[in-house]
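Novice: Would you be able to build a 3D model of this:
(chains A, B, C and D, ligands or ions: 4)
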Protein chains: 2
Amino acid sequence: MSTADGQLRPSHRRTAVLEALKGCPRIVSAQELHMRMVAEGTRIGLSTVYRALRDAEETGRVDVVQAGTGEKRYRWRRGGEHRHYLVCRVCAASRPVGAEAVEAWVASVVSESGFAAVEHTVELAGVCARCQRAAD
Amino acid sequence: MSTADGQLRPSHRRTAVLEALKGCPRIVSAQELHMRMVAEGTRIGLSTVYRALRDAEETGRVDVVQAGTGEKRYRWRRGGEHRHYLVCRVCAASRPVGAEAVEAWVASVVSESGFAAVEHTVELAGVCARCQRAAD
DNA sequence: AGGTGGACTGATAATCATGTTCAATAACGA
DNA sequence: TCGTTATTGAACATGATTATCAGTCCACCT
Ligand SMILES: [Mn+2]
Ligand SMILES: [Mn+2]
Ligand SMILES: [Zn+2]
Ligand SMILES: [Zn+2]
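Specialist: Ligands and ions are numbered 1, 2, ... in the order given. So this is what the prediction gives:
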């Protein structure tokens, strides 16, 4: 669970999950990351992977993209700021895109709306050049 | 299923689902819409509501917003073009927001990316003024 | 070093939204 | 009207995620 102040203790396993995520070339789901770790010889339970990713999401250390299929996919966030990504629907390759224009638009919409605590989701999904070629 | 040309037959039930959706003041999930219809006296199965909404989504007659909780919420689309919405997390009230700036940004990102068949998701969720007041 | 209490782990079971099956039903066209 | 065919919906299946809880580990104190 969590300590008195709500923080999670950085354990061996939890650290391993985030390290594994850092090493992922494409965005991954919790289950994919778990399989990956097991395949590499790490002994870890699926529950722990889910917990570590949920915590990392809540504390803003990862970016999340909600695929149309309802599963969440994660990507390690390098700078402090969140990013938005263009993701390949076929191979899950992802590249960050510059979203200054969107951030500015969000800010202006929010300031005119009267809404508070507004969060935004911006996702782009398509088929990358390589996968287009592979499709003949 | 579907007719030879892939079109769904517009049946009584299916029409009723879309009519009910049109009458919704806030974005609704499939289950909420089903409960609403049953409460109003319509006799209809949950499967049919799911099917009608899925079909409406595929044919572009509704806008869909994927809540963080993994459930899809629907809103009837009036004009031909899709819209993006600012949704209240508390009461599910939704208002369309002008997103010309975002559409232009998406177009420019896509043209520079080499990706094909790119689809975009833009969602804003917050707490509306009324619900802020209600929270004291 | 040894003890202790609270946090962590993971196998298992529970949820939850949504999809699928299939026998019964309703709608179309001749 | 009759026969063909799509539609319907109750029950069941799925797939991702979360909750349980007994066992384990670890930080800290003596
Ligand atoms: Mn952003
Ligand atoms: Mn748009
Ligand atoms: Zn690809
Ligand atoms: Zn509200």
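Novice: pLDDT weak spots in chain A?
Specialist: A:1-7 (pLDDT under 70).
Novice: By residue count, which strand of it is the longest?
Specialist: strand A:116-127 (DSSP state E).
Novice: Please point out which parts of the helix or strand just after that strand sit buried.
Specialist: Per DSSP states H and E, strand A:116-127 leads on to helix A:129-134 as the next helix or strand towards the C-terminus. Buried residues in helix A:129-134, defined by neighbour count with 16 or more other Cβ atoms under 10 Å in any protein chain shown: A:131, A:132. The C-beta positions use only the backbone N, C-alpha and C, and glycine is treated the same way.
Novice: likewise stretch A:113-133?
Specialist: Those would be A:113, A:115, A:118, A:120-128, A:131-132, for stretch A:113-133 by 16+ other Cβ under 10 Å.
Novice: of all the residues you listed, which comes closest to residue A:51?
Specialist: residue A:121 (22.8 Å; Cβ to Cβ).
Novice: List the contacts of that closest one.
Specialist: A:66, B:66, B:121, B:122, B:123, B:124, B:125 (Cβ atoms under 8 Å, 6 or more residues apart in numbering or on different chains).
Novice: for those residues, which one is nearest residue A:53?
Specialist: residue A:66 (13.3 Å).
Novice: Distance check, that closest one against DNA strand D.
Specialist: 8 Å (Cβ to the nearest atom of the strand, to the nearest Å).
Novice: Just give the nearest non-adjacent residue to the most centrally placed residue in chain A, would you?
Specialist: Central residue of chain A (Cα atoms, centre = their mean): residue A:74, 2.4 Å from the mean position. Once flanking residues are discounted, residue A:74 sits nearest to residue A:62: 4.9 Å by Cβ to Cβ, 6 or more residues apart in numbering or on different chains.
Novice: Check residue A:46 too.
Specialist: residue A:34 (4.9 Å).
Novice: Point me to the helix or strand that includes that neighbour.
Specialist: With DSSP H and E as criterion, residue A:34 is part of helix A:30-39.
Novice: Kindly confirm my reading that residue A:85 forms part of a strand.
Specialist: Yes. Applying DSSP: H, G, I helix; E, B strand; the rest coil, one finds residue A:85 inside a strand.
Novice: For it, which residues count as its bridge partners?
Specialist: residue A:96 (DSSP bridges).
Novice: re the thing from before, between the buried residues of stretch A:113-133, which is nearest ligand 4?
Specialist: residue A:115 (8.5 Å; Cβ to the ion).
Novice: what residues are up against the closest residue to that closest one other than its chain neighbours?
Specialist: Distances taken as Cβ to Cβ, 6+ apart put residue B:126 closest to residue A:115, at 3.7 Å, once the chain neighbours are dropped. The contact partners of residue B:126, taken as Cβ under 8 Å, 6+ apart, are A:110, A:113, A:115, A:116, A:117, A:118, A:119, B:86, B:87, B:88, B:89.
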